[in-house]
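Student: model this:
(2 chains)
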Number of protein chains: 2
Amino acid sequence: MRQSQLLSKTRKEAPKDEVSRNAELLIRAGFIHKEMAGVYSFLPLGLRVLNKVNGVIREEMNAIGGQEILLAALQDRELWEKTGRWDDAVVDNWFKTKLKSGAELGLGFTHEEPLTALMKNHIRSFRDLPLYPYQIQTKFRNETRAKSGIMRGREFLMKDLYSFSRDEKEHSLFYEKAKLAYMNVFDKVGIGETTYITSASGGTFSKYSDEFQTITEAGEDTIYVCEGCKIAINDEVLESKKACGNCQSSDLKKKKSVEVGNIFNLGVRFSEALNLAYLDEEGKEKFVVMGSYGLGPTRLIGTIAEVLSDKEGLVWPKRVAPFDIHLVEIGGESGEVRKVSERIYSALNSRGLEVLFDDRDLRAGEKFKDSDLIGIPLRLIISKKTLDEGLFEIKERSGGKVSKVKEGGLRDFADDYLK
Amino acid sequence: MRQSQLLSKTRKEAPKDEVSRNAELLIRAGFIHKEMAGVYSFLPLGLRVLNKVNGVIREEMNAIGGQEILLAALQDRELWEKTGRWDDAVVDNWFKTKLKSGAELGLGFTHEEPLTALMKNHIRSFRDLPLYPYQIQTKFRNETRAKSGIMRGREFLMKDLYSFSRDEKEHSLFYEKAKLAYMNVFDKVGIGETTYITSASGGTFSKYSDEFQTITEAGEDTIYVCEGCKIAINDEVLESKKACGNCQSSDLKKKKSVEVGNIFNLGVRFSEALNLAYLDEEGKEKFVVMGSYGLGPTRLIGTIAEVLSDKEGLVWPKRVAPFDIHLVEIGGESGEVRKVSERIYSALNSRGLEVLFDDRDLRAGEKFKDSDLIGIPLRLIISKKTLDEGLFEIKERSGGKVSKVKEGGLRDFADDYLK
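Tutor: Numbering: from 1, shown residues only, chains lettered A, B, ... in the order given. Here you go, the predicted model:
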């Protein structure tokens, strides 16, 4: 895409009320727009990243048998009363609204209730199980404070998968598979190395659960890390186990972190309340054993922005970058530079590479500054100087390594790097 | 995908309170689930159709210069007060909710206000225009009545594009292009022949507008069609022009129809209220000229279900069908049938064809009934009989034509048909 036609412009300053680094960078670089505290819109660059993150998540969820669905945001009060989660005294972050008839509706902050009710139409016998529906859908949570940018939204995207299994054994097998799938997601989006699985208390409805915590100063959580074993313990459960579960060392390092995913054993909490049962091989009626598996694509993007950025701007990992290559033309008014830029832009595009072509009439310094801020993995410079040399300069955004490459070798260089 | 593993089952009956044919069929076939009146969730089959419809829409919007974004649902009261659209006396279908602070928020029923405000960060000079952002996003409308299934939802997906132009002339050029793009969408999703462009009154904020109306008994609108010219006049404007604008004939046929799209000239109504201005070539400040272009993917699916179904069930057009081929195995317990079915399933998949493989242990009659209800374009039957003949039966869902094809010719047959 030609940058001269891109909807967004970079900005020197984020809005004054923006206190988080992730949102500040993403706003300045033109990825998102702040509507109000905890509510952000996605501009073309941001939506490209979001679609790629969602693509990675779908890949991993489909690989473990997930089937994608899309549930409604508006929630029927009656269902939630059955599980005891309608009352604001029980769930303190509901957004509620009203039909013209005066009937109260909720805006879904999670979807155990409606999905469990829905599945009653599709689960009758043991032959119908297991099932793993998931969605990537907008959640609404009436947070008292929303100061962490897109890491904690009042409106945000969530991938929520729910498992419906015949028994605890079938459930546990899937639960462990889901853990691995989650770690694959974090690896692919570039935060695998700084993300830990921690046991958490599981809240009010689960005997046990696991959290995925990424270390960042911007996080709202605290974990205790055993650096030898790459294992962490959650603040909440530190009371009961003060040592690494693996090596028993009590030399744990305290770190700030953000919860990028969580998975819960739900047992029959919801299937019992909403009467989701099946007939087993012997014709006996049993409640379905459930689990829920949450992961927020928008929070992931905020986390990537916190963890991988530098003082110049964003640094996107290859898999989720808005574009592969930032083609920066310097001095395009000289006919030759423009001609070569257009030729290379078209050649890279036809190879299937995604190129942002900075064809704007600006000084080199401004273009480089914008390019650093936007953070595309490779920057390819085309100028009078590179033409004279017969070599093009490619700079890696992460690490800053510079290579000089002949025109004929550009596509292979990019393909190799992006692999 | 194997049907034995598909999350949804077909149902003999839709919920008793479902009065629309589109929702009744889509629920019975396992495409959607009714949460409450006007609120539906999408199951895997329905989501596949939705993604394909969205794909067609994106193709056409990108082709006319659209840039995809994703705006928030939660709306800031202050912005809407500036344009006079916050008051429930002015806009009667708001859903409103509250932050913990007590501040009122709205749920977006459209997005002129927030997008106009957002664009102030990205439009300064004539060089930044024109721009055509669009989104495919969830809208909320507090409808008094919601009895048309997914043709009129309280929560539904909408593609809304907004044009930002320098002047009326630039605006008009795009407006006409958008009309053609809309007709392309309707053609590609199979309702082009029954869809008419009608001039409408434009409501409260537009001097003129155009509607796209598809003829169906399930529609809530009325249009007057000139059959010779394929032109229609909207009920609302019939008073002023009682004849076809083309041939001047007053022999117009009254038809029921559903509005599948609408496009509006907004002029400077919103840019003036929210102060979205740019500097022209002479450094003079001017308000941006706007248009808005709505099209509902979920309503489109409902319309397709109404217009193209028959008494057996749904009939999907090729471009938006959940799968290309329904491979129906009859008598799979005979080892040979299963073996051949698996081989053909795998061969068609590897060719890039999307196959729903009915590998369930059910009688032929039940399988055919389900297959008719689900409505995939081609049904391929594999049975003892077809193996004995060395010919496979392929039945077209639309029209019912049956062909006999050798195994080696199946992929080409499907490719040709689906082209």
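
Student: which SSE is residue A:264 in?
Tutor: Element membership of residue A:264 [criterion: DSSP states H and E] is strand A:253-267.

Student: Any chance you could give me that strand in CSV, C-alpha atoms only?
Tutor: What follows is strand A:253-267, C-alpha atoms only, in CSV (Å, rounded to 0.1, in the frame of the first residue of the first chain):
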residue,chain,number,x,y,z
LYS,A,253,12.3,-13.4,41.6
LYS,A,254,9.4,-11.0,42.0
LYS,A,255,8.3,-9.6,38.6
LYS,A,256,5.5,-7.5,37.4
SER,A,257,3.4,-9.2,34.6
VAL,A,258,0.3,-9.1,32.6
GLU,A,259,-2.1,-12.0,32.3
VAL,A,260,-2.3,-12.8,28.5
GLY,A,261,-4.4,-15.9,28.8
ASN,A,262,-6.2,-18.1,31.3
ILE,A,263,-7.8,-21.5,31.3
PHE,A,264,-10.3,-22.8,33.8
ASN,A,265,-11.6,-26.2,34.8
LEU,A,266,-15.3,-25.6,35.1
GLY,A,267,-16.4,-29.1,36.0
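
Student: Show me what secondary structure element comes after that strand.
Tutor: Strand A:253-267 is succeeded, C-terminally, by helix A:269-273 (DSSP H and E).

Student: one step back: what is the distance between the strand holding residue A:264 and the centre of its chain?
Tutor: With C-alpha atoms, centre = their mean, to the nearest Å as the basis, strand A:253-267 stands 14 Å off its chain's centre.

Student: now do stretch A:367-379
Tutor: Remark: stretch A:367-379 is offset 22 Å from the chain centroid, using C-alpha atoms, centre = their mean.

Student: Would you mark the buried spots in it?
Tutor: Neighbour counts over stretch A:367-379 (16 or more other C-beta atoms under 10 Å in any protein chain shown) mark A:367-379 as buried. The C-beta positions use only the backbone N, C-alpha and C, and glycine is treated the same way.

Student: And the contacts of it?
Tutor: With contact meaning C-beta atoms under 8 Å, 6 or more residues apart in numbering or on different chains, stretch A:367-379 is reached by A:10, A:25, A:28-30, A:45, A:309, A:312-318, A:321-326, A:328, A:330, A:356, A:358, A:360, A:394-398, A:414, A:417-418.

Student: For it, the averaged confidence score.
Tutor: The pLDDT scores in stretch A:367-379 average 98.

Student: related to what we said a few turns ago, secondary structure for the buried residues of stretch A:367-379 - can I get that in JSON lines?
Tutor: What follows is the buried residues of stretch A:367-379, written out as JSON lines (DSSP: H, G, I helix; E, B strand; the rest coil):
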{"residue": "A:367", "secondary structure": "helix"}
{"residue": "A:368", "secondary structure": "helix"}
{"residue": "A:369", "secondary structure": "helix"}
{"residue": "A:370", "secondary structure": "helix"}
{"residue": "A:371", "secondary structure": "helix"}
{"residue": "A:372", "secondary structure": "helix"}
{"residue": "A:373", "secondary structure": "helix"}
{"residue": "A:374", "secondary structure": "helix"}
{"residue": "A:375", "secondary structure": "coil"}
{"residue": "A:376", "secondary structure": "coil"}
{"residue": "A:377", "secondary structure": "coil"}
{"residue": "A:378", "secondary structure": "strand"}
{"residue": "A:379", "secondary structure": "strand"}
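
Student: Show the model's pLDDT score for the closest residue to residue A:246 other than its chain neighbours.
Tutor: Leaving aside its chain neighbours, residue A:246 sits nearest to residue A:229 (4.2 Å; criterion: C-beta to C-beta, 6 or more residues apart in numbering or on different chains). Predicted confidence (pLDDT) for residue A:229: 79.

Student: Show the contacting residues for the residue nearest the centre of chain A.
Tutor: Residue closest to the mean C-alpha point of chain A, counted by C-alpha atoms, centre = their mean, is residue A:297 at 2.5 Å. Residues near residue A:297 by C-beta under 8 Å, 6+ apart: A:50, A:53, A:54, A:57, A:136, A:157, A:158, A:159.

Student: Next step: these restricted to strands.
Tutor: Judged by DSSP state E, strands contain the following of the contacts of residue A:297: A:136, A:157, A:158, A:159.

Student: Nearest to residue B:75 among the residues you listed?
Tutor: residue A:157 (17.9 Å; C-beta to C-beta).

Student: surely that closest one meets residue A:150?
Tutor: No - if you go by C-beta atoms under 8 Å, residue A:157 and residue A:150 don't touch, sitting 9.5 Å apart.

Student: Fine, thanks again, bye for now.
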